[in-house]
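**Q** Kindly return the folded structure for what I paste below:
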Amino acid sequence: MDQQLVAVPYRMRELALPALGAVTVAAAAALIVAFDQGALGLLLTDRMADAGGVLHEFFHDARHLLGVPCH
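**A** Below is the predicted model of the structure:
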């Protein structure tokens, strides 16, 4: 009844596509947080702009948290 866990090595080709996807998502997230300044939210809905710029303030604070100069 005892089962042993066996480590199965991955080939680099099997990890290349998920790694590329992860890097792409991370780069897009960094671009949105660091440089977008809430403009992407204006494309999604006009209510975000009417709500006093909540999305802009969220990303503004995130830029400060990450140390990205924005002023």
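
**Q** Quickly note the distance from residue 31 to residue 59.
**A** Remark: distance between residue 31 and residue 59 (C-beta to C-beta, to the nearest Å) = 11 Å. For the C-beta atoms, the positions are set from N, CA and C on the backbone; glycine is no exception.

**Q** next one: phi and psi at the residue nearest the centre of the chain?
**A** Central residue of the chain (C-alpha atoms, centre = their mean): residue 29, 2.8 Å from the mean position. When read as degrees, to the nearest 10, the backbone of residue 29 gives phi -60, psi -40.

**Q** Would you enumerate the residues in contact with it?
**A** For residue 29, no contacting residues are found, by C-beta atoms under 8 Å, 6 or more residues apart in numbering.

**Q** between residue 31 and residue 59, who's got more neighbours?
**A** Taking other C-beta atoms under 10 Å, residue 31 and residue 59 do not tie; residue 59 has more neighbours (23 against 11).

**Q** Quick check: that one touching residue 35?
**A** No - counting by C-beta atoms under 8 Å, residue 35 is not a contact partner of residue 59; they are 9.5 Å apart.

**Q** what's the following helix or strand after the worst-scoring helix or strand of the chain on mean pLDDT?
**A** One helix or strand of the chain scores below all others by mean pLDDT, DSSP states H and E: helix 47-50, with a mean of 58. Helices and strands here follow DSSP states H and E; after helix 47-50, the next one along the chain is helix 54-66.
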